[in-house]
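Novice: Predicted coordinates and the sequence they were generated for:
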Amino acid sequence: MAYNVRWGIMATGWIAETFVRDLLKDPQTRDASDVAHQITAVASSSSVDKATQFIHANKIPSASCAAYGDYQSLVDDPNVDVVYVATPHSHHYQNVMLALTAGKHVLCEKAFTVNAAQTKILCETARKKGLFLMEAVWTRYFPLSIQVREMIQKGEIGEVLRTMADTSFGGDVEGKWGKTHRMVNPELAGGALLDLGIYSLTWVFQTLYHTLPRDQRKPPTVTSVMTPYHLTGADESTTIVLDFPTSTPSNSTPPRRSHGIAMTSIRVAADPDQRGSAGPVIRIQGTKGEIQVLGMPFRPTGYRVIPAADADGQAGEVREVQCPFPDGGHGMFWEADEVARCLRDGKLESEGLPWEESIVIMEVMDEVRRQGGLTYPAKIESTEYPLDL
């Protein structure tokens, strides 16, 4: 029998809508017959009507789904097993603490929090309460991502020494977002780094860090440059060079270093014509070849494996693999399935993205902001709870 998880949805924005639509798809279409999902509550911070509209608009069976006009009621609902936090990341710390305090398991959208100090407290709170907690870096749970990590661990492209990833969207920032949109608003921890840069860092970490055994994973040193958006001070472009003291998969002796280059921008685009003409935005380079990930870093559609030429200049066959999304889904159902299996198996964290790794990535972003002189308002940086934002 499938293990059924009852979800409470916190917030009613587009990301929550995308997640819910994936939750409602039949798990059988993605060969996930061991788990099932049910949406039993939706909450808007502004009104019950907004939550009700969300339920109807997304065709959630309303007979078994409660609508709430505040988040406290959501986390107090006994019919909710796990809360999906889909609020702006400026509010994640307060929202996740609310859910954990009420005894609920949590899947929280990325970036996990505004800073590493907040993430550490959330993880420690979950540990003390015996609750499951996971950062919703959905891309990590794609079959494509798992296949890439497995190829690296098997040594298919040799010792991996460099990964480059670019998550950038070009455009008229002033005309599109002005001063108040969440993407550029410091009051909501806006800017390219936390919202988009997390995907570039995801590819660097899952190929140069996560592919090693846990006791061999070592944090990188950080060098970065940042361009502030002149209207608000949030970052519009950030480039990060990470120097890992290890390589993967063998962490060879003597140890080789590996480099990650993570780029993000809202001023220039990684894929200008949105047709892939600019080439792959992710390149994973090893001593025996290269893996190119095709499509945008958050939702790649395939990958290409290019073997290195031998001593005689003879090259192996290039292999290209397409990774479609079942049932017209967006791809968020895979992370939901992971949550269900972790709950079923009594786990507090996911091996695909352990708490320790989320903390290290947040520490990297803290250091990037320090080097770039980017700070957010004290209230959203605070570890005080509860705090009215």
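Specialist: Great, that's in hand. Numbering: from 1, shown residues only.

Novice: ok, for Asp327, nearest residue in space, not its chain neighbours?
Specialist: Thr29 (4.0 Å; Cβ to Cβ, 6 or more residues apart in numbering). Using the backbone N, CA and C atoms, a C-beta is placed for each residue, glycine as well.

Novice: From what I see, the one you found and Pro326 are in contact.
Specialist: Yes: Thr29 is within contact range of Pro326, at 4.6 Å (criterion: Cβ atoms under 8 Å).

Novice: Comparing the two, which residue is more hemmed in?
Specialist: Using other Cβ atoms under 10 Å as the criterion, Thr29 and Pro326 rank with Pro326 on top: 17 against 12.

Novice: Tell me which residues touch that one, please.
Specialist: Lys25, Thr29, Arg30 (Cβ atoms under 8 Å, 6 or more residues apart in numbering).

Novice: What separation is there between the last one and Pro61?
Specialist: Shown here: Arg30 relative to Pro61, a distance of 21 Å by Cβ to Cβ, to the nearest Å.

Novice: Do you have the strands of the stretch 251-389 of the chain handy? List them.
Specialist: Secondary structure of the stretch 251-389 of the chain by DSSP state E, counting those that start in this stretch: the strands cover 258-265, 282-286, 289-294, 302-307, 319-322.

Novice: Next, format the ones you listed as CSV and append mean pLDDT and distance to Thr101.
Specialist: Putting the strands of the stretch 251-389 of the chain into CSV (pLDDT from 0 to 100; distance: least, Cβ to Cβ, whole Å) gives the following:
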stretch, mean pLDDT, distance to Thr101
strand 258-265, 98, 33
strand 282-286, 98, 38
strand 289-294, 98, 39
strand 302-307, 98, 42
strand 319-322, 98, 44
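
Novice: Export these as TSV, with columns for mean neighbour count and distance to Asn115.
Specialist: Listed next are the strands of the stretch 251-389 of the chain as TSV, based on neighbours: other Cβ atoms under 10 Å; distance: least, Cβ to Cβ, whole Å:
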stretch	mean neighbour count	distance to Asn115
strand 258-265	23	18
strand 282-286	24	26
strand 289-294	21	29
strand 302-307	18	33
strand 319-322	11	38
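
Novice: Same list (these) but as a markdown table, adding distance to Ser200.
Specialist: As requested, the strands of the stretch 251-389 of the chain are exported to a markdown table (distance: least, Cβ to Cβ, whole Å):
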| stretch | distance to Ser200 |
| --- | --- |
| strand 258-265 | 4 |
| strand 282-286 | 8 |
| strand 289-294 | 12 |
| strand 302-307 | 16 |
| strand 319-322 | 22 |
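
Novice: Gly158 is nearest to which of these?
Specialist: strand 282-286 (4.1 Å; Cβ to Cβ).

Novice: Sheet-wise, list the partners of that closest one with their directions.
Specialist: If you go by DSSP bridges, strand 282-286 pairs up with strand 160-168 (antiparallel), strand 289-294 (antiparallel).

Novice: Since that was my last question, I'll sign off now.
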